[in-house]
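Trainee: Here is my input, please return the structure:
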Amino acid sequence: MIRHSISALGLDIRVLVLAFALPIFVASGVARADHHEQDVDPNIKYRQSVMSIIGTNMGAIGDIMKNRLSMPGAIANHAGQMAESAGLIAPAFKKSISDGPTDAKEEIWQDWAKFEKALAKFEESARAMQTAASSGDPEQVGPAMKALGKSCGGCHKPFRKPKEESFRNM
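Mentor: Model (predicted):
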């Protein structure tokens, strides 16, 4: 009787079942993802957030420069945010955790002094980029950006797993 009423309304029972079932399946997938997220050490979550801030700012600078966007003061702002965030990196990595969803290598904790030296170089390069961008002289920005990129690599190469070994690929 219900089936005939639904058919009389021009509705297909399969569409109704799908309409009601789909949100339940999606919600259960979200719940599983949240459960997995809860299993991640909060130290890892935090340091990934810090590094994400830096990566986002670096990407924004790259977008501005590559696309020649007119964004007065933005490059200096992004570089300044990167320099300020540099001070958050060492505390975020203080706890030795290289297992789980992280690209941190054991070398961070095996040679902490080298890690801190690389972080200092990064902060110095970010501040130099901020100064170059604030000067308004485009001739200073290119070399400062190159030095900033090099300082990122100076930490990533020895202390971050290569992309092919990233937890994101597992």
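
Trainee: and the residue nearest to the spatial centre of the chain, what pLDDT?
Mentor: Nearest to the mean C-alpha position of the chain, counting by CA atoms, centre = their mean, stands residue 52 at 2.7 Å. Looking at residue 52, its pLDDT stands at 97.

Trainee: Residue 15 now?
Mentor: 47.

Trainee: So which elements touch the host helix or strand of residue 152?
Mentor: Assigned by DSSP states H and E, residue 152 belongs to helix 138-159. On a contact count with 3 or more CB pairs under 8 Å, 6 or more residues apart in numbering; DSSP states H and E, helix 138-159 meets helix 42-66, helix 74-93, helix 107-110, helix 112-135. Where C-beta positions appear, they are placed from N, C-alpha and C, glycine not excepted.

Trainee: Next, the angle from the last one to helix 42-66.
Mentor: In this structure, helix 112-135 runs at an angle of 30 degrees to helix 42-66, with axes from the mean of the first three to the mean of the last three CA atoms, to 10 degrees as the basis.

Trainee: re the thing from before, may I see the helices and strands packed on helix 138-159 arranged in JSON lines, with distance to residue 99 as well?
Mentor: As requested, those are exported to JSON lines (distance: least, CB to CB, whole Å):
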{"stretch": "helix 42-66", "distance to residue 99": "9"}
{"stretch": "helix 74-93", "distance to residue 99": "14"}
{"stretch": "helix 107-110", "distance to residue 99": "12"}
{"stretch": "helix 112-135", "distance to residue 99": "18"}
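
Trainee: For residue 164, which of the ones you listed is the nearest?
Mentor: helix 107-110 (17.3 Å; CB to CB).

Trainee: buried set for the closest one?
Mentor: 108, 109 (16 or more other CB atoms under 10 Å).

Trainee: Done for today, thanks.
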